[in-house]
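# Turn this into a structure:
(one chain, ligands or ions: 3)
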Amino acid sequence: MDTILIKGGHIIDPENNINDEFDIIVDKGKIVKVEKDITPFAYSKVIDASNCIISPSFTDLHVHFRDPGQTYKEDIKTGSMAAVAGGFTTVVCMPNTIPAIDEPSLVRYVIEKGEEVGLCRVLPAAAVTKGRRGKQLTEMALLKDAGAVYFTDDGAPVVDSHIMRKAMEYAASLGTFVANHCEDLSLSKDGVAHEGEISAALGLPPLPPEAEETMVARDCILSIRTGAPVHICHISTKLAVEVVAWAKAMGANITAEVTPHHLYLCDDEWLDFHCKAKVSPPLREYEDIEAVRWGLSSKIIDYVATDHAPHAHHEKMLDHWNCPPGMIGLQFALPIVMELVRKDYITMKRAIEALSTEPAKKIGLKPPSIVEGEKAEFVIFNPNEPWEVTEDKILSKSKNTPLLGRKLRGKVKYTFFNGKIVYEDTSKEEFCYD
Ligand code: DOR
Ligand code: ZN
Ligand code: ZN
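Ligands and ions are numbered 1, 2, ... in the order given. Model prediction:
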């Protein structure tokens, strides 16, 4: 398929100031024409993009592909399939694999396997400490040289403040940053659900929000004092957003991400006692959801990252204590963010920045551009098309999400990467959305 004509779509490319209806011709993988009303003739494929937005493909700086070591949950191939089905063509894999990504050879493994699959750009984050044990820094310069794009012990916080400070300074000297899973383990203890009315009513072990907030505050202070950047993973509480707002006002070099689930779901997901609601940090209260939505629109929160965390069915069926935290997210980011656009929390332009251009720039990538001469790397999506979340539509190996059976609106139709169509939606919905 050498030539593709895409007709009737509305291009939003924030970096190139494009926000208008244009047709596109892609020839041998390159965007050769972006013009109004191109006459369709003799093109090998015509895509009808009416009612669709065409935007630079998305970037997710926080996914767990479980490869190496736990490929029964996910692997780089199935993770890549889920990514492109969600409109993502760049993903950063977390190092909490088995073994942890703390050696240059493991960094290379992730990169090379991602290239072999070839559906999207798969980049690794490397561990801050050896084995993610929190005691001894990794060889950060070597890991960076091998291709690690940033450092994190995600799944666990960097508890020791001295180690965190040193890691932040080393990362800064290498032109990168540390991202922290902010959780004071002495406060979260064996907590399972957000401490509040729901955990009390259900008798679930409570996990107080200050477990997150105190460590966010610590990292902000370290950033202000050292001048080194720090990134807050999956921010989820109102007070944490306020702390980041304060630190930014102080001039701190700090960024934060929010997950689709913390933008959309609250702790009442626990009402049927099922551990599909278990995630770290936990689902919060409605007030917190409002705060992270406001944070995203006001740019206190810089971008969306899914924290796509696949776990096998038998693991999510365990009791509250033994069930691992996490839910998948790659295919739900777009519909959830589109819901915020429909409800006027954020603009469409900000939504696209938060899913694509902002995270790409954070790791020093040039965001994909929808202009003539560039390789095709964009996503065509219908922001309003309804679909029901069913197991067969989830391309991830694991299906752990409280959204199963729910109806969402916002559907990826095509994803282009490296000049090629890497995902095309072929599903048809039987129901009518009201
Ligand atoms: O819910 C979570 N799941 N939070 C984390 O920090 C780790 C992740 C995982 O690896 O499953
Ligand atoms: Zn985390
Ligand atoms: Zn994570």
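# C-alpha from now on. contacts and neighbour counts both.
Noted.
# quick one, what contacts Val159?
Applying C-alpha atoms under 8 Å, 6 or more residues apart in numbering, we find Val159 in contact with Gly134, Asp184.
# now do Leu204
Gly191, Val192, Ala193.
# out of those residues, who's nearest Ile4?
Ala193 (49.3 Å; C-alpha to C-alpha).
# give me the beta-bridge partners of the closest one?
Applying DSSP bridges to Ala193 gives these bridge partners: Pro206.
# quick one: it from Ile235, how far?
Distance of Ala193 to Ile235, given as C-alpha to C-alpha, to the nearest Å: 16 Å.
# again, but for Lys30
Lys30 is 38 Å from Ile235, by C-alpha to C-alpha.
# Which of those two has more residues huddled nearby?
Ile235 (27 against 21; other C-alpha atoms under 10 Å).
# Count the neighbours of the residue lying closest to the more buried one once chain neighbours are set aside for me.
Spatial nearest neighbour of Ile235, excluding adjacent residues (C-alpha to C-alpha, 6 or more residues apart in numbering): Val258 at 5.4 Å. By other C-alpha under 10 Å, the residues close to Val258 number 24.
# Just the pLDDT at Val258, thanks.
At Val258, the pLDDT value in this model is 99.
# Likewise for the one 5 residues further on?
Each residue has a pLDDT score; the one for Leu263 is 98.
# chain center to the helix or strand hosting it, what's the gap?
Using DSSP states H and E, Leu263 sits in helix 260-264. Helix 260-264 has its C-alpha centroid displaced from the chain centroid by 11 Å (C-alpha atoms, centre = their mean, to the nearest Å).
# related to what we said a few turns ago, hmm, which of the contacts of Leu204 are the buried ones?
Those of the contacts of Leu204 that meet the buried threshold are Gly191, Val192, Ala193, by 16 or more other C-alpha atoms under 10 Å.
# As CSV, these with pLDDT and distance to ligand 1 would be great.
Listed next are the buried ones among the contacts of Leu204 as CSV, based on pLDDT from 0 to 100; distance: C-alpha to the nearest ligand atom, whole Å:
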residue, pLDDT, distance to ligand 1
Gly191, 98, 13
Val192, 97, 11
Ala193, 98, 12
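# and which of these is nearest Pro402?
Nearest member of these to Pro402, counting by C-alpha to C-alpha, is Ala193, at 14.6 Å.
# I'd guessed that closest one sits against Lys278; true?
Yes. Between Ala193 and Lys278 a contact is recorded at 7.1 Å, counting by C-alpha atoms under 8 Å.
# From Ile394, how far off is Thr306?
Computed with C-alpha to C-alpha, the distance linking Thr306 and Ile394 is 15 Å.
# Likewise for Ile11?
Using C-alpha to C-alpha, Ile11 is found at 27 Å from Ile394.
# So which of those two has more stuff around it?
For the pair Ile11 and Ile394, the greater number of neighbours falls to Ile11 (24 against 21), based on other C-alpha under 10 Å.
# ok so that one is a helix residue?
No. Applying DSSP: H, G, I helix; E, B strand; the rest coil, one finds Ile11 to be strand, outside a helix.
# Is the helix holding Leu263 positioned near ligand 1?
No. Applying C-alpha under 6 Å from any ligand atom, one finds helix 260-264 out of contact with ligand 1, separated by at least 10.4 Å.
# if I pick the residue most central in space within the chain, what's in contact with it?
With distances taken as C-alpha atoms, centre = their mean, the residue of the chain nearest its centroid is Ala305 (2.3 Å). Neighbouring residues of Ala305 by C-alpha under 8 Å, 6+ apart: Asp60, Leu61, His62, Val63, His234, Glu257, Val258, Thr259, Pro260, Leu355.
# export those residues to CSV and tack on secondary structure and distance to Asp23?
Converted to CSV, the contacts of Ala305 look like this (DSSP: H, G, I helix; E, B strand; the rest coil; distance: C-alpha to C-alpha, whole Å):
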residue, secondary structure, distance to Asp23
Asp60, strand, 27
Leu61, strand, 30
His62, strand, 33
Val63, strand, 33
His234, coil, 37
Glu257, strand, 33
Val258, strand, 33
Thr259, coil, 33
Pro260, helix, 31
Leu355, helix, 23
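# Out of these, which is nearest to Glu35?
When the contacts of Ala305 are compared for distance to Glu35 (C-alpha to C-alpha), Leu355 wins out at 25.1 Å.
# can you list the residues of the stretch 101-250 of the chain near ligand 1?
Going by C-alpha under 6 Å from any ligand atom, the residues of the stretch 101-250 of the chain near ligand 1 are Asp154, Gly155.
# I'd say Glu424 and Phe416 touch.
No. With contact defined as C-alpha under 8 Å, Glu424 does not count as touching Phe416 (9.1 Å).
# Could you list the alpha-carbon positions for the helix holding Leu263 in CSV?
C-alpha atoms of helix 260-264 as CSV (Å, rounded to 0.1, in the frame of the first residue of the first chain):
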residue,chain,number,x,y,z
PRO,A,260,-6.4,7.8,33.4
HIS,A,261,-7.7,5.8,36.4
HIS,A,262,-7.0,8.6,38.9
LEU,A,263,-8.7,11.0,36.6
TYR,A,264,-11.8,8.9,36.3
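# Buried residues, that helix. List them.
Counting neighbours by 16+ other C-alpha under 10 Å, one finds that the buried residues in helix 260-264 are Pro260, His261, His262, Leu263, Tyr264.
# Columns distance to Leu207 on top of those residues, output as CSV?
Conversion of the buried residues of helix 260-264 to CSV gives the following (distance: C-alpha to C-alpha, whole Å):
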residue, distance to Leu207
Pro260, 20
His261, 17
His262, 15
Leu263, 19
Tyr264, 19
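# Closest one of those to Lys135?
For those, the nearest to Lys135 is His262 (30.4 Å; C-alpha to C-alpha).
# how about the residues of the stretch 301-434 of the chain that lie near ligand 1?
Ala309, Pro325, Gly326.
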